[in-house]
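Enquirer: Here's a sequence, model it:
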Amino acid sequence: MRIKTHQKLLTSVGVDIGTSTSHVVFSSILLERDLKSRTEKFEIKEKKVLHKGPIHLTPFSDPHTIDFGALRTLILSDYANAGFELAQIDTGAVIITGETARKENAEEIVAALAGETGKFVAATAGPNFESVLAAHGAGAVMRSAETGLTIMNADIGGGSSNIAVCRGGKVIATAAINVGGRLVATDDAGTIIRLEETGKRLGEKIGLTLKLGQNLDGSSKQLLAQALADALIEAIKGTQESEITEMLMMTPPLDFQEKVDEVMFSGGVAEFIYGLETNEYNDLGRLLAKSIGNLVEKHEIPMSEPEHRIRATVIGAGQSSLQVSGSTTFLSSGLEYPLRNLPVVTPYVPRGKTSSDKVRDAIQNALKRFDIVEGTDPLLLAFADAVRPSYESLTQFAKGIVAGLPRTVANGTPILMCYDTDIGNSVGNVMKRETGVTNEILSIDEISLHEGDFVDIGEPIIENVVVPVVVKTLVFEEK
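Expert: Predicted structure coming up:
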């Protein structure tokens, strides 16, 4: 099949619900057909910010609950002020970050907003994914591609810091730590009015007993800020030497010990680091920034300034969360979109001559690694270099998939697959022709997925064959 469309312009939204602030950014994404590609796959050629919404303080109805009504009103007002209707939004992501992901109604809110904010807007949460998005939004990924340097970005928000190492235009290592400017906040009189559990535990580690309603003096604030800054520098260096750093880490330590050419900081605290914000918000942000700056100088860490700071994550969510399939994807006509939160299962099919038994066994072994009930729970099978494009091999392969999903076939549940090469259409057609299954089939091509990923898949955006895909981490932390 030859695709006639040459370009497709999408309007994307990024919504960031953070510990301190929430904001919306609208972007345009230009997809262009690669005429040099054998399959003429569409690539993202241009990304441009169309409108930056104002910075809102994230509304809470109590310390443990996000005020959904107030938050929804703020976001919809941003749509109206930017001149966008919900129906005009083609794609994007709602991301909930830092300590906010721990709130009691976090999962429900991010899912609801994703469903209300456009045609195909993904619901996302997870510290490593936030690190990737912030690195894209801050410009670290692009700078690493343009300069050949190894760039680290540390996005410091109200409740967490997300670290990413970028090289050659790719994120090659990530980590996250509970270091943020609003783990503790006071009113103008110095009385604690906001205290995250992480802030309370940090206080205990450094000899401070913190509770709501208590007065917090300047020296105690400085002790908290210095402890957080020390932990962040350890996380950046990948050393994790202290008990405090170990306690605060949200992910395994940064698995990168090579030289970093530049470190840039984004997020709300970065506004203080670069001297662009001077207001006092009665939290730890200003003191934390100063302590980080002192440590950067002490350790002679080479620092550069990012393209975007406080809006880095939301810009990344709107511009860098999207992938598109190849044009040889197979889609049954009866599928209903969007398909959301599909866990990726990766069967390891032995190389060599394909047999249906080997494919069946690979699928069933992969399913054992997950708490997934085949035929009941949604899932997406992802294959890497799985089958030779001969009709005999494709037939054996298709029969093996059907044999490996007996309850799915019996229940009439859609069979969902993804391939890193351009054989999606071939597998889908052969499966329909040679196995007799009546299930709906989605067989995506030219997207690489990994075990542990989650994906959202939207309805076709180009000539009924190219589908948008958001590959993400979906992790809501325990309350």
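Enquirer: Let's verify the nearest residue to residue 127 once chain neighbours are set aside: helix, strand, or coil?
Expert: Closest residue in space to residue 127, ignoring its immediate chain neighbours: residue 176 at 3.3 Å, by CB to CB, 6 or more residues apart in numbering. (C-beta placed from N, C-alpha, C; glycine too.) With DSSP: H, G, I helix; E, B strand; the rest coil as the basis, residue 176 sits in strand.
Enquirer: what about residue 176, distance to residue 405?
Expert: Distance, residue 176 to residue 405, using CB to CB, to the nearest Å: 35 Å.
Enquirer: So for the two, which residue has more residues nearby?
Expert: Neighbours around residue 176 and residue 405, counted as other CB atoms under 10 Å, are more numerous at residue 176. The numbers are 27 against 24.
Enquirer: Please list all residues in contact with residue 468.
Expert: For residue 468, the contacting residues are 10, 90-91, 120, 322-325, 457-458, 461, by CB atoms under 8 Å, 6 or more residues apart in numbering.
Enquirer: Most neighbours among those residues, which one?
Expert: In terms of neighbour count, residue 325 stands highest of the contacts of residue 468 at 28 neighbours, by other CB under 10 Å.
Enquirer: correct me, but it touches residue 467?
Expert: Yes - taking CB atoms under 8 Å as the definition, residue 325 is a contact partner of residue 467 at 4.8 Å.
Enquirer: hey, what's in contact with both of these two?
Expert: With contacts defined as CB under 8 Å, 6+ apart, the residues shared by residue 325 and residue 467 are residue 444.
Enquirer: follow-up on the earlier one: ok, the residue nearest to residue 127 touching residue 164?
Expert: No - the pair residue 176 and residue 164 does not pass the contact test of CB under 8 Å, sitting 9.5 Å apart.
Enquirer: Spit out the residues that contact those two alike.
Expert: Both residue 176 and residue 164 are in contact with residue 131, where contact means CB under 8 Å, 6+ apart.
Enquirer: in the protein, which helix has the most residues?
Expert: Longest helix in the chain, counting residues (DSSP state H): helix 218-237.
Enquirer: Buried residues in that one, which are they?
Expert: For helix 218-237, the neighbour count (16 or more other CB atoms under 10 Å) marks 220-221, 223-237 as buried.
Enquirer: So which residue is smack in the middle of this protein?
Expert: For the chain, the residue nearest the mean C-alpha position is residue 129 (3.4 Å; CA atoms, centre = their mean).
Enquirer: Sketch out the low-pLDDT regions of the stretch 151-300 of the chain for me.
Expert: Filtered on pLDDT under 70, the stretch 151-300 of the chain yields the residue ranges 240.
Enquirer: And the strands in it?
Expert: Along the stretch 151-300 of the chain, counting by DSSP state E, counting those that start in this stretch, strands occupy 151-156, 161-167, 170-177, 184-186, 192-195, 262-266.
Enquirer: Out of the ones you listed, which gets nearest to residue 242?
Expert: Taking CB to CB, strand 170-177 is the member of these nearest to residue 242, at 11.8 Å.
Enquirer: Now that closest one: buried residues?
Expert: Buried residues in strand 170-177, counted by 16+ other CB under 10 Å: 171, 173-177.
Enquirer: Walk me through the domains of this structure.
Expert: 7-126, 140-306, 328-461 (automatic domain parsing).
Enquirer: can you map out the helices along this structure?
Expert: Per DSSP H, the chain carries helices over the ranges 68-82, 106-116, 127-138, 140-147, 197-205, 218-237, 243-248, 268-273, 285-298, 312-319, 356-368, 391-404, 406-411, 424-435.
Enquirer: which residues sit in contact with residue 97?
Expert: So residue 97 contacts 16-19, 125, 130, 157, 159-160, 162, 313 (CB under 8 Å, 6+ apart).
Enquirer: Rebuild the residues you listed as a markdown table, extending it with neighbour count and distance to residue 198.
Expert: Listed next are these as a markdown table, based on neighbours: other CB atoms under 10 Å; distance: CB to CB, whole Å:
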| residue | neighbour count | distance to residue 198 |
| --- | --- | --- |
| 16 | 32 | 19 |
| 17 | 27 | 18 |
| 18 | 30 | 15 |
| 19 | 27 | 10 |
| 125 | 23 | 17 |
| 130 | 31 | 16 |
| 157 | 31 | 13 |
| 159 | 24 | 7 |
| 160 | 27 | 9 |
| 162 | 32 | 15 |
| 313 | 33 | 19 |
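Enquirer: Among those, which pair sits farthest apart?
Expert: Maximum pairwise distance among these (CB to CB): 14.6 Å, between 17 and 162.
Enquirer: of the helices of the chain, which approaches residue 25 most closely?
Expert: Nearest to residue 25 among those is helix 312-319; the distance by CB to CB comes to 4.8 Å.
Enquirer: now that closest one against helix 140-147, angle please.
Expert: Counting by axes from the mean of the first three to the mean of the last three CA atoms, to 10 degrees, helix 312-319 lies at 80 degrees to helix 140-147.
Enquirer: so for helix 312-319, what's the average pLDDT?
Expert: For helix 312-319, the mean pLDDT works out to 90.
Enquirer: Using PDB, write down the CA coordinates of that helix.
Expert: Provided in PDB are the C-alpha atoms of helix 312-319 (Å, rounded to 0.1, in the frame of the first residue of the first chain):
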ATOM      1  CA  ALA A 312      10.100  21.600  31.000                       C
ATOM      2  CA  THR A 313       8.000  18.500  31.900                       C
ATOM      3  CA  VAL A 314       4.700  19.800  30.500                       C
ATOM      4  CA  ILE A 315       6.400  20.800  27.300                       C
ATOM      5  CA  GLY A 316       7.900  17.300  27.100                       C
ATOM      6  CA  ALA A 317       4.500  15.800  27.800                       C
ATOM      7  CA  GLY A 318       2.900  17.700  24.900                       C
ATOM      8  CA  GLN A 319       5.800  17.300  22.400                       C
END
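Enquirer: and that helix, what other elements does it pack with?
Expert: strand 7-17, strand 21-33, strand 42-52, strand 91-96, helix 127-138, strand 151-156 (3 or more CB pairs under 8 Å, 6 or more residues apart in numbering; DSSP states H and E).
Enquirer: and if we set it to 6 Å?
Expert: Judged by 3 or more CB pairs under 6 Å, 6 or more residues apart in numbering; DSSP states H and E, the packing partners of helix 312-319 are strand 7-17, strand 21-33, strand 91-96, helix 127-138.
Enquirer: Make a markdown table out of the ones you listed and add mean pLDDT and distance to residue 433.
Expert: Converted to a markdown table, those look like this (pLDDT from 0 to 100; distance: least, CB to CB, whole Å):
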| stretch | mean pLDDT | distance to residue 433 |
| --- | --- | --- |
| strand 7-17 | 94 | 31 |
| strand 21-33 | 94 | 29 |
| strand 91-96 | 91 | 33 |
| helix 127-138 | 91 | 38 |
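Enquirer: Of those, which is nearest residue 252?
Expert: Ranking the helices and strands packed on helix 312-319 by proximity to residue 252 (CB to CB) places helix 127-138 first, at 9.6 Å.
Enquirer: Please report how far residue 62 lies from residue 182.
Expert: From residue 62 across to residue 182, the span is 16 Å (CB to CB).
Enquirer: before we move on, the earlier item: packed most tightly, which of the helices of the chain would that be?
Expert: Comparing those by mean neighbour count (mean count of other CB atoms under 10 Å), helix 312-319 ranks first with a mean of 31.
Enquirer: What separates the first and last residues of stretch 274-289, distance-wise?
Expert: 9 Å (CA to CA, to the nearest Å).
Enquirer: And that stretch, how far out from the chain middle?
Expert: Chain-centre distance of stretch 274-289: 27 Å, with CA atoms, centre = their mean, to the nearest Å.
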